[in-house]
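# Got a predicted model here, sequence first, then my questions.
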Number of protein chains: 2
Amino acid sequence: MIKVHGYFRSSSAYRLRIALNLKGVKTDFTSVHLRKDGGQQKTPAFRALNPQALVPVVQEGDFRLTQSLAIIEWLDETQPGPKLMPEDPNLRAQVRAFAQVIACDVHPLQNLRVLDYLKANFEADQAALDAWCGRWIRDGLAACEALLEQGPEHPFCFGDHPSLADICLVPQVFSAARFGVDIADLQRINRISSACEALPAFAQAHPKNQPDRED
Amino acid sequence: MIKVHGYFRSSSAYRLRIALNLKGVKTDFTSVHLRKDGGQQKTPAFRALNPQALVPVVQEGDFRLTQSLAIIEWLDETQPGPKLMPEDPNLRAQVRAFAQVIACDVHPLQNLRVLDYLKANFEADQAALDAWCGRWIRDGLAACEALLEQGPEHPFCFGDHPSLADICLVPQVFSAARFGVDIADLQRINRISSACEALPAFAQAHPKNQPDRED
């Protein structure tokens, strides 16, 4: 059975949970508390699994894999269940690009280690951190909306079924709400995000439904 | 012919040039000067191509694609020439994960728009910006070195031929030098990076060899 190391609130662990649910893959889950004990991801044992000291990580036998997008494409290529990547190369590329807008240009800027650096080195208070996160989340999701508007409207981002694009979108919309970012005007994103959240695979992956959740 | 919009110093445009050279794909290049005219990437015409206002962008007929990693995998899937992604799903996943360490967790933090934000909102001077970039570049490349050390030693990151991993590594090593980050102790990275730079596909893609270069 595949082992997953994650954390309920991590956006990238949330992506992976959605993908696992959509594929119907059962895993053996270990919670890595990112704030307890000075950060359980910083222990030598965890760094041996992932030198980046980030979640999620998967293990299958001797094989270890980091980075949520790489893990999700690997699952899609090696596990049965509905396909998370389109067959058409052009459409597949657009799904990857959309996912990378979020995974490269939004999410890493709101990562815990980055916010800790801003607090420690730039004396950023909570209002400054919220403004920082808000800027990148708003810019990124507005770009996502514009990318969607370049194509025809579908029930999900790039078709009739959820793909890697939807898997990245929903946790980022959750983060937007968490940081108080107003995205009410991004109509396609709001409609698609609601359609996703109505599916059990997405609902069950929500941070509030995880065994390691905190209120 | 594929149209490419890039800029000599952009790390992600540099990645794409290496990939195009390795594949032997000729393109029609347009330079988008990121600092001239208040940033040529911010014009309405360019934003219509890429709502993120970032390079690179490729166009083939009506098809437009952003995000360097998505573009490179698309080229690999649709163009002839040597394969940039391994056939084995586990190895392919490791190549993607390595590339994403750089493309998600290092490069976006040293992006021009992020540095501009730090200057404008946190009064960051050049020393503070160098320390900021240095932290993420050093952490990221040290993690890359550790990921490489989890496997056997090869001429390139994950085998006998350059892959997407090497394509991401070389521009990031170039950025490390530019920001004065000491990575002399990262032995595999230095050896592989030198092996790559000895290949014409990498050498010809170097920022100093571009038509829009500046000294």
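Here it is on my side, so go on.
# domain parsing for chain A?
Following automatic domain parsing, chain A resolves into domains at A:2-82, A:89-202.
# any idea which helix or strand carries residue A:65?
strand A:63-66 (DSSP states H and E).
# Would you mark the buried spots in that strand?
A:64, A:65, A:66 (16 or more other C-beta atoms under 10 Å in any protein chain shown). In this view, the C-beta of every residue, glycine as well, is placed from N, C-alpha and C.
# and those as TSV, adding distance to chain B and pLDDT?
Compiled in TSV, the buried residues of strand A:63-66 are given as follows (distance: C-beta to the nearest C-beta, whole Å; pLDDT from 0 to 100):
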residue	distance to chain B	pLDDT
A:64	7	96
A:65	5	97
A:66	5	97
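# Tell me which residues touch residue A:83, please.
By C-beta atoms under 8 Å, 6 or more residues apart in numbering or on different chains, residue A:83 lies in contact with A:76, A:161.
# Doesn't it lie inside a strand?
No - under DSSP: H, G, I helix; E, B strand; the rest coil, residue A:83 falls outside any strand and is assigned coil.
# Can you tell me how far it is from residue B:176?
38 Å (C-beta to C-beta, to the nearest Å).
# all helices of chain A, in order?
Remark: helices assigned in chain A by DSSP state H are A:11-23, A:44-49, A:68-78, A:89-105, A:112-122, A:126-149, A:164-178, A:187-197, A:200-203.
# could the ones you listed go into a markdown table alongside mean pLDDT?
Conversion of the helices of chain A to a markdown table gives the following (pLDDT from 0 to 100):
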| stretch | mean pLDDT |
| --- | --- |
| helix A:11-23 | 98 |
| helix A:44-49 | 91 |
| helix A:68-78 | 98 |
| helix A:89-105 | 98 |
| helix A:112-122 | 96 |
| helix A:126-149 | 97 |
| helix A:164-178 | 97 |
| helix A:187-197 | 98 |
| helix A:200-203 | 98 |
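# any chance of the ones you listed in JSON lines, plus mean neighbour count?
Shown next, in JSON lines, are the helices of chain A (neighbours: other C-beta atoms under 10 Å in any protein chain shown):
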{"stretch": "helix A:11-23", "mean neighbour count": "25"}
{"stretch": "helix A:44-49", "mean neighbour count": "13"}
{"stretch": "helix A:68-78", "mean neighbour count": "23"}
{"stretch": "helix A:89-105", "mean neighbour count": "24"}
{"stretch": "helix A:112-122", "mean neighbour count": "16"}
{"stretch": "helix A:126-149", "mean neighbour count": "18"}
{"stretch": "helix A:164-178", "mean neighbour count": "24"}
{"stretch": "helix A:187-197", "mean neighbour count": "18"}
{"stretch": "helix A:200-203", "mean neighbour count": "16"}
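# Would you reformat the ones you listed as CSV and include distance to chain B?
Supplementary listing: the helices of chain A in CSV, determined by distance: least, C-beta to the nearest C-beta, whole Å:
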stretch, distance to chain B
helix A:11-23, 9
helix A:44-49, 8
helix A:68-78, 4
helix A:89-105, 4
helix A:112-122, 4
helix A:126-149, 3
helix A:164-178, 11
helix A:187-197, 13
helix A:200-203, 22
